[in-house]
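K.L.:
Pasting the sequence and the predicted model now:
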Amino acid sequence: MARRTMPKLFLGGLLLWGVATVGCRRSEMSEPVVFPAGRFTSARQCGSCHRDIYAAWRGSQHARSAENPIFRESYEEAVKIAGDAVTRLCFMCHAPTVVLTNDYALAQEVTREGVTCDFCHSLTGTDLERREHPFLLDVGATKYGPIRDAASTGHRVAFSEFHLSSLQCAGCHEYRNAHGVPILSTYSEWEQYRQRGGDKECQHCHMPQVLANIVDPKVKRVQGAFVNLHVMPGGHARDQLVRALEMRIMEAQRTPRGLRVKVRLRNVGAGHAVPSGSPMRKVILRVEVVTESGQRVQQERLYQRIVLDERGAEIRRDSLLFTEARAIARDTRLAPAEERVEEFLLPIPADENLTLTATLIYLYSPHERPETETRIEFLSEKKELFSRWVR
């Protein structure tokens, strides 16, 4: 999370961090929407007033978290390996309303909505010491958010300092398994960032402010409202990756043994390690040389966290991480504000013209096969080196 003023973007139809803010009465109704105590309300019902918010959220990974095919494949594999205990563990974050409803069959619409509106806006705190689940909830007519002067004709609203803090994200983005292995450590990485002087919360980068409609203008028109983006881009978003890392080719020197290349990497924009989240995520620095005669040589560095099972073998599938992990073998990810200079020696002829390219690639391979991989080339720099003039 870079040290800069939080951007205010004009994105027209993208919306809000505090879902309960102003008049939220459906235009075709004469009475406010009813929110029964202890029962979650579907995001679709929230969207009847907060139409733009709902549209933005529907495009988010959070809205697809329960039924995403990548997750479902890992989940079904994990159940076969470790049994029904996995069901509670996985759906605690991928369909978190189950912590109250016990709807592990995903029979209810609100469960299938994944990280749904009413769940986040019913949160009042997070207790990471609670093993059954870390969420402190008040589900009912009051919706909690970060807007101090919020008012609504559709339901009660309450300002929540908690909704301004990274702790709100910690319940799902921090997890140690039963063997004490940190599988997800984004929140603790952020805590280290703050201890070293960082001044941003998760929301500054993942829910930047936008100018947009808080509620449907047919219900109530509000001019000039800045709210927080509910698409919530994360590690799979190219724009986030570009903001997080900086790369420069610092040196390219011909030697009798080949071309010596130095590349500098910096984590300039993330308040956590890059990559963060699942250990199946990695960033690859690829350096490639192509000579005038067509010879191609490349080398790579990997930035990742390697997790081992009880036999000391590397775990390479998401389905095994949460139950089978026993140790962290090594962690080469880039910490917040960390800078590294990587050196490569590429064996190529000393007397040829050549093109040198350095590229950063994000790779998430949860099942060890290309069809379910996410692969994004997000930064690249190219240099031409001449040993003689070309006519």
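P.N.:
Received, thanks.
K.L.:
Now Ala273. Its backbone dihedrals?
P.N.:
phi -60, psi 150 (degrees, to the nearest 10).
K.L.:
Would you agree it is in contact with Gln304?
P.N.:
No - using C-beta atoms under 8 Å, Ala273 is not in contact with Gln304; the gap is 10.0 Å. In this view, the C-beta of every residue, glycine as well, is placed from N, C-alpha and C.
K.L.:
of these two, who's got more company?
P.N.:
Ala273 (26 against 18; other C-beta atoms under 10 Å).
K.L.:
Distance check, the nearest residue to that one once chain neighbours are set aside against Tyr54.
P.N.:
In this structure, Ala273 finds its nearest non-sequential neighbour in Arg333, 4.1 Å apart by C-beta to C-beta, 6 or more residues apart in numbering. Distance of Arg333 to Tyr54, computed by C-beta to C-beta, to the nearest Å: 35 Å.
K.L.:
again, but for Val215
P.N.:
Separation of Val215 from Tyr54 (C-beta to C-beta): 11 Å.
K.L.:
neighbour-wise, which of the two wins?
P.N.:
Taking neighbours as other C-beta under 10 Å, Val215 and Tyr54 compare with Val215 leading, 29 against 22.
K.L.:
Quick check: closest non-adjacent residue to the more buried one.
P.N.:
Leaving aside its sequence neighbours, Val215 sits nearest to Cys49 (C-beta to C-beta, 6+ apart; 5.1 Å).
K.L.:
what's the pLDDT at that neighbour?
P.N.:
Note for Cys49: predicted pLDDT of 84.
K.L.:
wait, it sits on His155?
P.N.:
No - taking contacts as C-beta under 8 Å, Cys49 lies outside contact range of His155: 9.6 Å.
K.L.:
Tell me the secondary structure at Glu352.
P.N.:
coil (DSSP: H, G, I helix; E, B strand; the rest coil).
K.L.:
mind checking how far it is from Val289?
P.N.:
When distance is defined by C-beta to C-beta, Glu352 is 10 Å away from Val289.
K.L.:
between these two, which one's more packed in?
P.N.:
Val289 (24 against 18).
K.L.:
Name all residues that sit in contact with Glu352 and Val289 at the same time.
P.N.:
Listed contacts common to Glu352 and Val289 are Gln295; contacts here mean C-beta atoms under 8 Å, 6 or more residues apart in numbering.
K.L.:
so where's this protein uncertain?
P.N.:
Flagging of the chain using pLDDT under 70 yields the residue ranges 1-32, 213, 216-224, 388-391.
K.L.:
in what helix or strand does the most centrally placed residue in it lie?
P.N.:
In the chain, the centroid-proximal residue (C-alpha atoms, centre = their mean) is Gly234; its distance is 3.0 Å. Using DSSP states H and E, Gly234 maps to neither a helix nor a strand.
K.L.:
need the contact list for it.
P.N.:
Gln61, His206, Gln240, Gly277.
K.L.:
most surrounded residue in the residues you listed?
P.N.:
Neighbour max across the contacts of Gly234 (other C-beta under 10 Å) = His206, 20 neighbours.
K.L.:
Just list the residues touching it, thanks.
P.N.:
By C-beta under 8 Å, 6+ apart, the contact list for His206 reads Cys169, Met232, Pro233, Gly234, Gln240.
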